[in-house]
Each structure stands twice: as C-alpha cells, then as structure tokens.
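Asks: sequence and predicted structure below; questions after.
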2 protein chains.
Amino acid sequence: MIDVQEARGALDRVLELTVLLGDDMARDLERRGLTGSRAHLVWELHRLGPSTQQTLAEALGVTPRAITGLVDALTDRGFVTREPHPRDRRATLVTFTKQGERAAKALERDHFQLAGRLFGDMSASTFHGFTRGLDAVLARLRELLS
Amino acid sequence: MIDVQEARGALDRVLELTVLLGDDMARDLERRGLTGSRAHLVWELHRLGPSTQQTLAEALGVTPRAITGLVDALTDRGFVTREPHPRDRRATLVTFTKQGERAAKALERDHFQLAGRLFGDMSASTFHGFTRGLDAVLARLRELLS
DNA sequence: TATTGTTATACTCTATAACTATA
DNA sequence: TATAGTTATAGAGTATAACAATA
C-alpha cells in the first residue's frame, strides 16, 4: 500500500524521535544524579517494591552480575540499601532510602510531564491518528521479533 | 486537549517502540558483524565518502578519541582502512574496503526492508495519520531540546 | 598558534565463568 | 544439587587531558 520511499522517510523520522527522546530523558536523569541503567533499576524497584537482585535481573533483562554493579553504584550514591532477606539468608532485598524514594517519584513526575509536553496540546484527531498507527507498528514489530 | 493518562499511555508505547526497534536493528547488525556504534560510523562514512576522523567525530557527535577506537576496531575486522590525506599529512582518510562497501550497502538494504515491513502493508489513511502525529511530536521535541 | 590524531587514564554497562554461602 | 550474589576477567563505548606531528 505504502510507497517504499515514503516508508523509509517515516522510519527515519521514527529513528530521529528515538534519538531526541533519549537525549531529553538523559538530560532529566543527569539532573537527578542517575544514568540510564541506574534509573531503569530505580524505575523497576519503584514498580516492584523491595526486591532480590535476581528479581531485578529478570525485570531489567540483564545478568545478576550487572545488577551487582548497579546496586553498588546506587548504594554508594545513597539511593538504595541492601537489606537481609527475612527468610533466605543467601538473598538481599534492595530497598529505597528516603532519597531513592524521592528520586523514583521525581522520575514518575518527569515522565508524566514529558507525556504532557509531547501530547498535551495535540488535537484529539491528530493524537488518535498517531496512536492508531503507533499500535499498528508495534504489532508488526512484535511479530517480527517473535 | 489530551488527557494526561492517555498521553502517558502513548509515551509508554513510543518508548516500547524504541526498545523493540533497537532490538530488531541490533539483530541485523550482529549478523553483519557490526555493533551499533560501528554501524553508525559505517552509515555516515557511506553518506559522506572517505572522511577524516575529525569529520566523523562531528557526524557521530562523539570525541575524536572515540573515533580512533571505532576505526581501530573496523580496521581490525577489515571494513575500513586509514589512507593518507593527499594535502594534510596530519590527517587520515577513513576509506571503505570492498568488504566495508558491501556492508554499507547491506545496511542500506536492511533499512529499506525494515521500512517496508513496518509500513508497507499499512493503509494510506493509517500511515498518514501516523506521520502527521509523528511530525507534531518531533517538532515539540526539537523545541524542548533547543 | 591551532589542528589532527594519538597515548594515558578513567567511568559505565555488559557478559561469562568460577566461587562462597546458603537452601 | 540448586540458587543468590560475589570476585575475576574481558570487551565495548565514552570522556578528559596531555602530547607529537603538522599546518
């Protein structure tokens, strides 16, 4: 249905969007004293509550070893602590400090704010046209990757 | 105009799109023996023709030191060579080998193919609704980052 | 003096493999 | 035996700073 050149133009703009979005979010994270990977851990910990490093490894899709490094860095910077697991002495429960809690809530606020900035002023018809196409592309991509 | 929760849902799906797109492209690159950063250099070199490392540093938005590392890796793997600059003995011209040329063309083909897979089967109205919203979001984002 | 690309050093993120303590 | 998390080691990407060769 769609011309190849037109499709390519759309893909290029989608890729530009991913780059700019990454830049914008990295800017926020730097202000919060977080890198992308550390923020991802904070985000998931906020979603899951106090968690073992195994659980976090699965949530982030990285090895347990990578979690050790991220938790070390977040501990050094005062965002989280390692607490003993109440029923398994092999495991630790990664837990927010007050500062970590505040940072997680700030990420949440930044996220809402960004959503508002990107879409808040859009007309309903433009917005729904966009999300309709977006869902179609997402469905295609999930199919390609499965 | 748009509800905050709806906007957030759209942002989440855009972020999911960036992740899946990254996964899909990384899969192609691995097949070509390239990492993301090295492929980016190959892509720009294809666009620019034989270039100094300074030029590539500006094109990729990284420091000259990072280019040294990428060119070292691409040279070791047979994608590019460092040729003397004809008029400036300080500089080198990074130049494709036959293999590098083939890889660049393969990236181009993969790119078109991905565009076709994502958008090719889309109805014209869905496609144009999508690109209209996409352009609006891009414009917003450029504004935010400027 | 300024520029090109390098070496030196450091930080971040990631992986695999071997190991310790515990289950 | 299996699991949780560590140490050891390695590779990739990036940055700043000091330096050599050349402009």
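Replies: Arrived safely.
Asks: and A:A39, backbone torsions?
Replies: phi -60, psi -40 (degrees, to the nearest 10).
Asks: distance of it from B:F127?
Replies: 34 Å (Cβ to Cβ, to the nearest Å). Quick note: C-beta positions are derived from backbone N, CA and C, even for glycine.
Asks: the lengthiest helix in chain A - what's its average pLDDT?
Replies: Criterion DSSP state H: the longest helix present in chain A is helix A:4-32. Average pLDDT, helix A:4-32: 97.
Asks: tell me where chain A has helices.
Replies: Taking DSSP H as the test, the helices found in chain A are A:4-32, A:36-48, A:53-60, A:64-76, A:98-119, A:124-145.
Asks: nearest to B:I67, of the ones you listed?
Replies: For B:I67, the closest of the helices of chain A is helix A:4-32, at 18.7 Å, according to Cβ to Cβ.
Asks: what is the burial count for A:L34?
Replies: Counted with other Cβ atoms under 10 Å in any protein chain shown, the neighbours of A:L34 add up to 23.
Asks: ditto for A:T63
Replies: A:T63, neighbours per other Cβ under 10 Å, totals 9.
Asks: can you pull the contacts of A:D135?
Replies: Counting by Cβ atoms under 8 Å, 6 or more residues apart in numbering or on different chains, A:D135 touches B:R13.
Asks: the helices of chain A: which one's closest to B:L114?
Replies: Nearest to B:L114 among those is helix A:4-32 (6.3 Å), distances taken as Cβ to Cβ.
Asks: what about the residue positioned nearest the centre of chain A, distance to A:A59?
Replies: Centroid-nearest residue in chain A: A:H40, 4.8 Å away (criterion: Cα atoms, centre = their mean). Going from A:H40 to A:A59 by Cβ to Cβ gives 9 Å.
Asks: repeat that for A:T75.
Replies: From A:T75 over to A:A59 (counting by Cβ to Cβ), the distance is 18 Å.
Asks: show the pLDDT at the closest residue to A:L17 other than its chain neighbours.
Replies: Excluding the flanking residues, the one nearest A:L17 by Cβ to Cβ, 6 or more residues apart in numbering or on different chains is B:L138, at 5.8 Å. As summarised for this prediction, B:L138 has a pLDDT of 98.
Asks: next one: A:L144 from A:L70, what distance?
Replies: A:L144 is 30 Å from A:L70, where distance means Cβ to Cβ.
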